[in-house]
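A.B. asks: Here is the input, now give the coordinates:
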Amino acid sequence: MTKSNRHTTLLVIDVQQGLFQKTTPLYRAREVLANINLLVERAHAAHAPVVYIQHSTEKNLVEGTDEWKLHPAIQPEPRDIMIRKHHGNAFEDTPLKEKLDALHVDRVVVTGLVSNGCVNATCNGAHELGYDTVLVSDAHSTYREDAEAVVTEYNARLSAGGVVRLQTTAEVSFTD
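C.D. replies: All right, here's what the predicted structure looks like:
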């Protein structure tokens, strides 16, 4: 493992079955799933850690239910890290920071659901903790009626505010 590889990790936020079952479908669901899986393959090939994060509350995505489980297209490997969370920010009240610190991670590549919720909160949380934060512009989504505008808005808002650097799936590298 090279030095640069061990400093970058891929975060896959809340790609859970229940979010694919909403009345309003997820925007570009197939493309987002395909892009996340491509990023996972590239991270694994570079020996970069992959962290899967699952959200739950007492009423939504209740832990242990089918809705809480990862989407069937997402298949973690035994070497991947699994994090359970109860807040939008994946760093809040979870062992995520400690696990990343133990791996000497200084850059996180963020993907997942939903753009205007947990993706936004986790990007802000990562930035506040000093991580170089990359948001993959074509690997996050939401299920609102105006989803295309929401994804565009959060890409612009987070990058203009200096919280993230935007990269497309094609641009993301785990070896630099």
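A.B. asks: When you work out contacts or count neighbours from here on, use the C-alpha atoms and nothing else.
C.D. replies: Noted.
A.B. asks: What residues sit buried inside stretch 26-42?
C.D. replies: 26-29, 32-37, 39-40, 42 (16 or more other Cα atoms under 10 Å).
A.B. asks: again with stretch 143-156
C.D. replies: 143-144, 147, 150-151, 154-155.
A.B. asks: Equivalent analysis for stretch 125-136, please.
C.D. replies: Per 16+ other Cα under 10 Å, stretch 125-136 contains these buried residues: 125-127, 131-136.
A.B. asks: Now do that stretch: distance from first to last residue.
C.D. replies: Stretch 125-136 has an end-to-end distance of 16 Å (Cα to Cα, to the nearest Å).
A.B. asks: Run through who's touching it.
C.D. replies: 89-91, 106-111, 123, 155, 163-169, 172 (Cα atoms under 8 Å, 6 or more residues apart in numbering).
A.B. asks: Tell me which two of the buried residues of stretch 125-136 sit farthest apart.
C.D. replies: The distance between the two most remote of these (Cα to Cα) is 16.1 Å, for 125 and 136.
A.B. asks: In a markdown table, list the buried residues of stretch 26-42 along with distance to residue 7, pLDDT and secondary structure.
C.D. replies: A markdown table is the format used below for the buried residues of stretch 26-42 (distance: Cα to Cα, whole Å; pLDDT from 0 to 100; DSSP: H, G, I helix; E, B strand; the rest coil):
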| residue | distance to residue 7 | pLDDT | secondary structure |
| --- | --- | --- | --- |
| 26 | 31 | 97 | coil |
| 27 | 31 | 97 | coil |
| 28 | 30 | 97 | coil |
| 29 | 29 | 98 | helix |
| 32 | 24 | 98 | helix |
| 33 | 24 | 98 | helix |
| 34 | 24 | 98 | helix |
| 35 | 21 | 98 | helix |
| 36 | 19 | 98 | helix |
| 37 | 20 | 98 | helix |
| 39 | 16 | 98 | helix |
| 40 | 16 | 98 | helix |
| 42 | 15 | 98 | helix |
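A.B. asks: hang on, isn't residue 110 packed against residue 11?
C.D. replies: Yes - here residue 110 reaches residue 11: they are 5.0 Å apart, a contact under Cα atoms under 8 Å.
A.B. asks: Of these two, which one has the most company?
C.D. replies: Taking other Cα atoms under 10 Å, residue 110 and residue 11 do not tie; residue 110 has more neighbours (27 against 24).
A.B. asks: Doesn't the more buried one belong to a strand?
C.D. replies: Yes - using DSSP: H, G, I helix; E, B strand; the rest coil, the assignment for residue 110 is a strand.
A.B. asks: Where do the helices of this structure begin and end?
C.D. replies: Per DSSP state H, the chain carries helices over the ranges 29-45, 96-102, 120-128, 147-160.
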